[in-house]
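Undergrad: Just to be clear, the model below is a prediction. Sequence and coordinates:
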Amino acid sequence: MNYFPDEVIEHIFDFISSHKDRNSISLVSKSWHKIERCSRKRVFIGNCYAINPERLIQRFPSLRSLTLKGKPHFADFNLVPHEWGGFVHPWIVALAKARVELEELRLKRMVVSDESLELLSRSFASFKSLVLVSCEGFTTDGLASVATNCRHLRELDLQENEIDDHRGQWLNCFPQSSTALTSLNFSCLKGETNLAALERLVARSPNLESLKVNRAVPLDALTRLMSCAPQLVDLGVGSYENEPDQESFMKLMAAIKKCTSLRSLSGFSEVTPLCLTAFYPICQNLTSLNLSYAAEIQGNHLIRFIQFCKRLQRLWILDSIGDKGLEVVASTCKELQELRVFPSDLHDEEDNDTAVTEIGLVAISAGCPKLHSLLYFCKQMTNAALITVAKNCPNFIRFRLCILEPNKPDHTTSQSLDEGFGAIVQACKGLRRLSLSGLLTDKVFLYIGMYAEQLEMLSIAFAGDTDKGMLYVLNGCKKMRKLEIRDSPFGNTALLADVDKYRTMRSLWMSSCEVTLGGCKRLARNAPWLNVEIINENENNDLMMERNEEDEREKVDRLYLYRTVVGARKDAPPCVTIL
Amino acid sequence: MENVGVCDEFVNLKATELRLGLPGTEDGGEEERQKVSCCKSNKRAFPETEKDIESTGKTETASPPKAQIVGWPPVRSYRKNNIQTKKNESEGQGMYVKVSMDGAPYLRKIDLTVYKQYPELMKLLENMFKFSVGKYCEREGYKDSEFVPTYEDKDGDWMLVGDVPWEMFVSSCKRLRIMKGSEAKGLGCGV
């Protein structure tokens, strides 16, 4: 029995925007459930196979914004076959059929086709925002459909997608009447860009705040773009291998000086030292800087640049900055919240003296008290350093450390890094995401199970000794949602110990571990509400189902299981068996 | 080095290893698994060889297995493909030179050792940059061409492509530049 009329309650619910909170209020009572679901505009689906579009639409008829994630995270590292799944097409078909007034679609790790984009562009008259992250399967023809038909498009954000660039005229497809653009990101396109069309588009988009171009936009074009869009807040530049001449340089610098609202800078797949200096005038305003694709520029130039960036909150950089560079970051960027240091040398071909070590990390932790998110690729680490980092920065929410060589111990003591990571989880009470590396025994998992109370996502590689390790985590981390494990000796005992645990998790990934086909089959029998997928590229999976007892002891190459309310998916390729 | 020997031992113990595939599958996938299991074995060695690890104590640190492990380090393929390393050309593997064209937004790199003579090179450049160069003649260079291929030699001078024998060109060419014909007057291109 509600004290207020439904419309009043609905109005109150309008102020509640977080997905978690809206999910909670829908559980209070039947009445609240109904009001909530009928008024819900934004829905987030972390696993596109956990639900189907028909049921989604049935529950949320007023849907305006949908976020969908497809492939598991390890697909980023080529551990998931290309044809695994994650197709957005059925979703668009269903939404179109139900005449949902879709305005926003955000996809991550999904397969998108030109056909899907064409259907999308024709089906939703109010469509405003398309964000595609790490997707694949489409070409610039699909983009042309979106540009042509989405009359009210405000945002087209393409991040790190594999797009077949037909070098067509997709930018030309934005109609003259299209003036509503606020965000345009095509940095991942590999082909040439119609510069004239781009300049015209930018010139007629007074609300454009974010512009990220691809490598093929030369310096003079960039200068012109910035000149007609001085209101830009977020800029991604192209690739500049040649030093600009004096005149070009002066023009560029003049255009940059006018962009007083610029707060975020990225791109730079190649940049010369001189070119970088043209951006000095706006360094002091920058809160976000991504130089992590500029592999050829030396550390000292990066350091000089960063010295001017006193307000930086987010920094993505390559390890060519070195420990010395990180020390400069630590003393300059006191507002730093997020740091990502990527490896510049992926093939380990030479002894890279300028790469980063535990020294740089400790310096950062000492100098940047607001740091809460870290991704750090390094060659070596010590327990002492991690313990110091934990003491300096108890506010970590995300802590991802990747020591490039698997199983590498503390290089000063030759011991495992259990104590170091243990210190992190003990000190950082709000830790939600953790990635481990280096030499680790079951002990680190004991610590994690004991202390990491808020941990939602854990990535394990080449770690642990026995099933106990995995059990500590499953039993201890009450908030665990995504667990991904590779090349670790965890087997059936850990997998089967508490089947109901998987009801509270989104998914579990295990590859090159000790789980067997028999164990997976048993799990699937005991948990019909799970999809237990076995991925094996090397054989005919029809045979797998007919195996006899002996083969049940065979180890499973890749296991991916996830809770679902709609049973086994119908679009699995031959290399995937759903038990 | 003894550490490499230790690693080799593990690989040779594959007959006793628990295999990940069907018995009898000896395909390419095996190589991948071997690389992976090579690393696994560092920690979970078979009883008879565990002593070796403990005595050397340096199996993990001294010589890292240079074999590429699938999906390691965990860097997105997009990023891997986009990072241009300075290691594009390593010794003995082709002679890569930069090619720039006036007006083009970015440069290209080509391997000169792939071509046997000038016509092949010209054809590639024409395709790559979508232009056409006229016939070369000794006296007047590339007469009437909209674009003229030039190169920087070891002495830092800019030369017309085609003047010297091919082998001499390959050994002395540091970079290529496709100039606008109008600018190339001084190189014998009468217009």
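TA: Looks like it arrived, so ask away. Numbering: from 1, shown residues only, chains lettered A, B, ... in the order given.

Undergrad: got any ranges where the chain has weak pLDDT?
TA: Because you didn't say which chain, this covers chain A. Flagging of chain A using pLDDT under 70 yields the residue ranges A:1, A:347-354, A:538-550.

Undergrad: Chain B, not that one
TA: B:1-67, B:84-94, B:184-191.

Undergrad: can you give me the strands in it?
TA: Counting by DSSP state E, chain B has strands at residues B:96-101, B:108-111, B:136-137, B:141-142, B:147-152, B:158-160, B:175-180.

Undergrad: Including mean neighbour count, could those go into TSV?
TA: (Glycine included, C-beta is placed from N, CA and C.) Output for the strands of chain B, formatted as TSV (neighbours: other Cβ atoms under 10 Å in any protein chain shown):
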stretch	mean neighbour count
strand B:96-101	18
strand B:108-111	15
strand B:136-137	15
strand B:141-142	24
strand B:147-152	23
strand B:158-160	16
strand B:175-180	18
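
Undergrad: Which among the ones you listed is found nearest to chain A?
TA: Counting by Cβ to the nearest Cβ, chain A lies closest to strand B:96-101 out of the strands of chain B; the figure is 7.4 Å.

Undergrad: Assumed A:Ser116 was part of a strand.
TA: No - using DSSP: H, G, I helix; E, B strand; the rest coil, the secondary structure at A:Ser116 is helix, not a strand.

Undergrad: neighbours around it, how many?
TA: When neighbours are defined as other Cβ atoms under 10 Å in any protein chain shown, A:Ser116 has 24 of them.

Undergrad: Contacts only, for it.
TA: A:88-89, A:92, A:138, A:142 (Cβ atoms under 8 Å, 6 or more residues apart in numbering or on different chains).

Undergrad: gap between it and A:Leu105?
TA: As judged by Cβ to Cβ, to the nearest Å, A:Ser116 and A:Leu105 stand 10 Å apart.

Undergrad: Ok, A:Ile321 next?
TA: Applying Cβ to Cβ to A:Ile321 and A:Leu105 gives a distance of 37 Å.

Undergrad: between those two, which one's more packed in?
TA: A:Ile321 (28 against 23).

Undergrad: Would you map the helices across the stretch 51-200 of chain A?
TA: A:53-59, A:89-97, A:114-123, A:140-149, A:195-203 (DSSP state H, counting those that start in this stretch).

Undergrad: Excluding chain neighbours, give the residue nearest to the residue of chain B found nearest chain A in space.
TA: Nearest residue of chain B to chain A: B:Gly71, at 3.4 Å (Cβ to the nearest Cβ). Counting by Cβ to Cβ, 6 or more residues apart in numbering or on different chains, B:Gly71 lies nearest to A:Phe77, which is 3.4 Å off, once chain neighbours are set aside.

Undergrad: Pull the number of nearby residues for the one you found.
TA: 19.

Undergrad: give me the number of residues near A:Ile578?
TA: Neighbours of A:Ile578 using other Cβ under 10 Å come to 18.

Undergrad: Relative to A:Glu453, how far out is the closest residue to A:Ile387 other than its chain neighbours?
TA: In space, A:Ile387 comes closest to A:Ala423 once its chain neighbours are excluded; the distance is 4.3 Å by Cβ to Cβ, 6+ apart. Using Cβ to Cβ, A:Ala423 is found at 16 Å from A:Glu453.

Undergrad: which of the two has more neighbours?
TA: More crowded of A:Ala423 and A:Glu453, by other Cβ under 10 Å: A:Ala423, with 20 against 14.

Undergrad: What strand or helix carries that one?
TA: helix A:418-427 (DSSP states H and E).

Undergrad: what does the helix or strand following that helix contact?
TA: Where DSSP H and E defines the elements, the next helix or strand beyond helix A:418-427 is strand A:433-435. Defining contact as Cβ under 8 Å, 6+ apart, one finds that strand A:433-435 is touched by A:375, A:397-402, A:421, A:424-425, A:448, A:452, A:455-459, B:74.

Undergrad: What helices and strands are in contact with the helix holding A:Ala423?
TA: helix A:383-392, strand A:433-435, helix A:442-451 (3 or more Cβ pairs under 8 Å, 6 or more residues apart in numbering or on different chains; DSSP states H and E).

Undergrad: Take the ones you listed and lay them out in a markdown table including mean neighbour count.
TA: Listed next are the helices and strands packed on helix A:418-427 as a markdown table, based on neighbours: other Cβ under 10 Å:
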| stretch | mean neighbour count |
| --- | --- |
| helix A:383-392 | 20 |
| strand A:433-435 | 21 |
| helix A:442-451 | 22 |
